[in-house]
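Novice: Structure here, sequence nowhere to be found:
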Ligand code: SF4
């Protein structure tokens, strides 16, 4: 596995300059790349290196840093290696190159990303209403979208739920575990 | 022809008794709760001995079983389905999601109170209700049908405007037909 990774890194670095890699245990290897070379590097991986399978495209909202991170997860059935191609784009004006001519199924992911995060995909086919119907608010998967508030004002609440207690306090008392700091923020 | 009150009453009693023993449920699963329907209907719990059976299309069904959370998108279809059903028709809200939102209480895309959009005759609580609970729910429905209290469809007709306004609030593009019930 080590030499496969080393060889792959070498090949990628020989063809592209603005690439940094990060190694993980097991069959995973990450590349951080610039958004401009996304179509090129994905084509290169698919056509020349045998990473023919696009497992997933995922998007992470780094609200504090003002960026979206897009992650393309590829798989090679020959080398049995997962390659994560990561890129970051500006959160204010998110624009991403279209890759659905490389993998046709990427179209579905891109349409979903467009709708859920409000990322504009250049030249996307079918850039219209997809999963959400009649949506008028900001894209719902952005972290600054106040889901609970929205649900409250749109769908009403059944009376009698206001005094629902936070059961986590009790669970912690019994199991003597700590609530992680990040989770405290969300406690009711 | 029956035109005096007392004989109408007798006819109603007979009608309701017959309806009670022949409940056709529309096979339309919406949330995770739909997975409890196969065991309820098949040999283990055998709902058919109570006269509860599956129907293939809305026009042949008496009961709309809303089995769990409804996204706004599904709600649109469910309303369509409900309006296609013929009288007498009843709605059973199944699982806590239909009652108060359940574990999806803070979701941006699922409704919380089903009875704001459709007239619910019986609620079955639980997340998800076991087949025993489902059968108990059907039993309750039969009870209120026999007593002539299952008048959700009438309620819907009488308060059509209120229901439509609620539905339109979350589905602006809802195509509403003019009904002349
Ligand atoms: S009540 Fe529970 S089982 Fe039923 S749809 Fe909601 S979450 Fe699923």
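Specialist: Sure, I can see it. Quick caveat: nothing in here was measured; it's all calculated off a predicted structure.
Novice: Can you pull the residues of chain A lying near chain B?
Specialist: For chain A, the contact set with chain B under CB under 8 Å from any CB of the partner chain comprises A:131-134, A:137, A:140, A:145, A:147-148, A:150-151, A:154-158, A:161. Just so you know, the C-beta spots here come from the backbone N, C-alpha and C atoms, and that holds for glycine as well.
Novice: Report how many residues lie close to residue B:85.
Specialist: By other CB atoms under 10 Å in any protein chain shown, the residues close to residue B:85 number 22.
Novice: what sits against it?
Specialist: When contacts are counted by CB atoms under 8 Å, 6 or more residues apart in numbering or on different chains, residue B:85 touches B:26, B:58, B:59, B:61, B:62, B:64.
Novice: Can you convert those into a markdown table and add a column each for distance to residue B:12 and pLDDT?
Specialist: Shown next, in a markdown table, are these (distance: CB to CB, whole Å; pLDDT from 0 to 100):
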| residue | distance to residue B:12 | pLDDT |
| --- | --- | --- |
| B:26 | 25 | 89 |
| B:58 | 25 | 90 |
| B:59 | 24 | 90 |
| B:61 | 22 | 91 |
| B:62 | 17 | 90 |
| B:64 | 23 | 91 |
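Novice: Out of those residues, which comes closest to the ligand?
Specialist: Nearest to the ligand among those, counting by CB to the nearest ligand atom, is residue B:64 at 15.4 Å.
Novice: ok, and for the helix or strand that closest one falls within, which residues are buried?
Specialist: For residue B:64, the host element (DSSP states H and E) is strand B:63-66. Residues of strand B:63-66 classed as buried: B:63, B:64, B:65, B:66 (neighbour count, 16 or more other CB atoms under 10 Å in any protein chain shown).
Novice: try stretch B:131-138
Specialist: Quick answer for stretch B:131-138 (16+ other CB under 10 Å): B:131, B:133, B:134, B:135, B:137, B:138.
Novice: go on, stretch B:154-161?
Specialist: B:155, B:156.
Novice: Give the other helices and strands that the host helix or strand of residue B:145 contacts.
Specialist: Assigned by DSSP H and E, residue B:145 belongs to helix B:131-146. Applying 3 or more CB pairs under 8 Å, 6 or more residues apart in numbering or on different chains; DSSP states H and E, we find helix B:131-146 packed against helix B:5-20, strand B:23-26, helix B:37-41, strand B:90-94, strand B:122-124.
Novice: so for it, what's the average pLDDT?
Specialist: For helix B:131-146, mean pLDDT rounds to 92.
Novice: mean confidence score for the helix or strand just after it?
Specialist: The element immediately downstream of helix B:131-146 (helix or strand, assigned by DSSP H and E) is helix B:152-158. For helix B:152-158, mean pLDDT rounds to 89.
Novice: From the rest of the structure, what touches helix B:152-158?
Specialist: Helix B:152-158 is contacted by residues B:87, B:88, B:89, B:90, B:91, B:118, B:119, B:120, B:121, B:163, B:179, B:181 when judged by CB under 8 Å, 6+ apart.
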